[in-house]
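Asks: Quick one: sequence and predicted model below, then my questions.
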Amino acid sequence: MRLAFDDDGPGPVVVLLHGFPLDRSMWTHQKSSIGAIYRVICPDLRGHGNSPAPDGIYSVDAMADDVLELLDALQLTDPVVMGGLSMGGYLALSIAVRHPERLKGLMLMNTRASADSPEAAQARLQRASEVEQSGEVETVISAMIPKLFSRMTFERHPEVVSRMHARMSRTPARAVAGTLRGLAVRPDRTTELANIHVPTLIIAGEEDSLIPLEESRSMAKMLPSSKLVVIANAAHLAPLENHVACDSAILEFLGSID
Ligand code: MLT
């Protein structure tokens, strides 16, 4: 799978993987702040943005393998720092567990290691069928929007909400259905956290109702070499909602690695 991507900046490589159903445009702030020092590579994941959207189930491991294929095509076989938000974090964890030799650092933002509960998986599969049958994604996306942003973002930056809403609405129905099906069957990686030894930064949004703070705290306890940073005035999209705080945590973390 040939992914669309941005690749800018000098220095050591940092790969950033977006959430569902977003695209690489969510990393605009990080591309300029982190990209001043690091080579920042942001792909559009399978089915999202300008990348191909095949039929079928988009498993987390297959999507993660697309990212490794991109790095191989760029001849980047030395270990890199890999960061991901929510779904992007599931992919980064998949790589950390299955291909630890590819990573020298991990950044898990607004994400979790656990699988869906049976009820959550069932609800996703139901939504996937509805999207596929109707051919429209708006119902799923409108239901997600209230959970993605903090009070401050809704009140002070409604333009960020509308921009992301518009981006998400461009995701084709078959990609939304394929991703929902893949996320519903993703493996639980909780017990594998103890075996991830690369330095890891965990970023949590103070108001993230999708990933409760307690879950990020417990992930931090299980990861042998991790640091948790809680971002104020942010919900599920912390790097977009409070990029100043996020970028400073990311730059400090990257500085500690290189
Ligand atoms: C995301 O932001 O990527 C999604 O919330 C992931 C999910 O639905 O599990």
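Replies: Perfect, I can see it now.
Asks: show me where the stretch 1-150 of the chain has strands.
Replies: Under the criterion DSSP state E, counting those that start in this stretch, the stretch 1-150 of the chain carries strands at the ranges 5-8, 13-17, 39-43, 80-85, 103-109.
Asks: Which residue is the nearest non-sequential neighbour of residue 136?
Replies: residue 173 (6.4 Å; Cβ to Cβ, 6 or more residues apart in numbering). Just so you know, the C-beta spots here come from the backbone N, C-alpha and C atoms, and that holds for glycine as well.
Asks: And for residue 88?
Replies: Nearest to residue 88 is residue 17, by Cβ to Cβ, 6+ apart, at 3.1 Å.
Asks: close to the ligand, is stretch 14-26?
Replies: Yes: counting by Cβ under 6 Å from any ligand atom, contacts between stretch 14-26 and the ligand involve 19, 20.
Asks: Contact residues of the protein facing the ligand?
Replies: Residues of the chain lying near the ligand (Cβ under 6 Å from any ligand atom): 19, 20, 86, 87, 183, 210, 236.
Asks: Compare these and tell me which is most surrounded.
Replies: Counting neighbours by other Cβ atoms under 10 Å, the top entry in those is residue 19, with 27 neighbours.
Asks: Looks like that one contacts residue 110 (just checking).
Replies: Yes: checked against Cβ atoms under 8 Å, the pair residue 19 and residue 110 is within contact range at 7.3 Å.
Asks: Now do the shared contacts for those two.
Replies: 85, 86, 236, 237 (Cβ atoms under 8 Å, 6 or more residues apart in numbering).
Asks: ok, so of those residues, who is nearest the ligand?
Replies: Nearest to the ligand out of those is residue 86 (Cβ to the nearest ligand atom; 3.1 Å).
Asks: Identify the residue spatially nearest to the closest one, adjacent ones excluded.
Replies: Sequence neighbours aside, residue 19 is the residue nearest to residue 86 in space, at 3.8 Å (criterion: Cβ to Cβ, 6+ apart).
Asks: confidence score at the one you found?
Replies: The per-residue pLDDT reported for residue 19 equals 98.
Asks: Please renumber the chain so that the first residue is 701 from this point on.
Replies: Noted, 701 is the first residue going forward, which turns the last one into residue 719.
Asks: Look up phi and psi at residue 897.
Replies: With angles defined as degrees, to the nearest 10, residue 897 sits at phi -110, psi 0.
Asks: count of neighbours near it?
Replies: By other Cβ under 10 Å, the residues close to residue 897 number 13.
Asks: and what of residue 794?
Replies: Using other Cβ under 10 Å, residue 794 is surrounded by 24 other residues.
Asks: ok, now residue 907?
Replies: Residue 907 has 19 neighbours, counted by other Cβ under 10 Å.
Asks: ok, the residue nearest to residue 950 when sequence neighbours are not counted to residue 715 distance?
Replies: Nearest residue to residue 950, sequence neighbours excluded (Cβ to Cβ, 6+ apart): residue 734, at 6.0 Å. Between residue 734 and residue 715 the distance is 11 Å, computed by Cβ to Cβ, to the nearest Å.
Asks: what's the overlap in contacts for those two?
Replies: residue 740.
Asks: Name the residue in these two with the higher neighbour count.
Replies: Set side by side, residue 734 and residue 715 show more neighbours around residue 715, with 28 against 24, by other Cβ under 10 Å.
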